[in-house]
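A.B. asks: let me see the structure of the following:
(one chain, ligands or ions: 1)
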Amino acid sequence: MGVLPLPAKKINEAKAMELYNQGLIDTDIARCLGLSQTTVTNWRLRQGLKRNKLKKVCIDCGKQFETICRGAKRCPECRRMKYILYYEVVKLRCMMWDLVKSDPLTAHKIVSEMREEEGEEFVRKYLGEKILNAINQKVNVLAHAPGE
Ligand SMILES: [Zn+2]
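C.D. replies: Numbers count the residues shown, from 1 in each chain. Here you go, the predicted structure:
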């Protein structure tokens with residue numbers, strides 16, 4: 001005796017169209033109708049409909065943007081900025097580590113200036129605790145070293 005395949009769930013086209021017209025994305029239409037996303041996407045493509053996008057508000061600039069990604073928090077411009085910023089931060093930290101090792105007093109001076117100009121929060125965020133602690137340690141050691 002063979003196992004009969006489950007009949008494919010029929011899509012309620014009228015309901016699907018109604019949800020589509022409300023701006024729902026495929027995943028959400030599928031959830032509402034208890035179908036797989038593939039079923040909905042195939043149906044939508046057969047209808048020749050473009051996929052809907054989610055409307056979201058960027059957490060950085062507050063502008064509204066469209067996305068197909070439910071988890072997206074930032075508009076494309078802010079996302080790009082964030083990556084550039086991240087890259088810059090990595091570069092900055094690498095340079096500071098080198099400086100902490102080779103010339104901790106200069107590193108300390110730079111951090112002090114940064115603190116004055118940008119504030120404590122900025123320094124902590126962009127340099128990180130590890131670097132700040134390392135600088136403090138090195139400077140303390142130097143301050144208590146005999147001679148000089
Ligand atoms: Zn933005």
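A.B. asks: specify the local secondary structure of K56.
C.D. replies: Taking DSSP: H, G, I helix; E, B strand; the rest coil as the rule, one finds K56 in the strand state.
A.B. asks: where in the protein is pLDDT low?
C.D. replies: Scanning the chain for pLDDT under 70 picks out 1-9, 147-148.
A.B. asks: just the helices in it please.
C.D. replies: With DSSP state H as the criterion, the chain has helices at 13-21, 26-33, 37-46, 76-102, 104-118, 120-127, 129-144.
A.B. asks: can you list the buried residues in the third one?
C.D. replies: Same thing as helix 37-46. By 16 or more other CB atoms under 10 Å, the buried positions in helix 37-46 come out as T39, V40, T41, W43, R44. C-beta: built from backbone N, CA, C; applies to glycine.
A.B. asks: tell me how far that helix lies from the chain's centre.
C.D. replies: Helix 37-46 sits 29 Å away from the centroid of its parent chain (CA atoms, centre = their mean, to the nearest Å).
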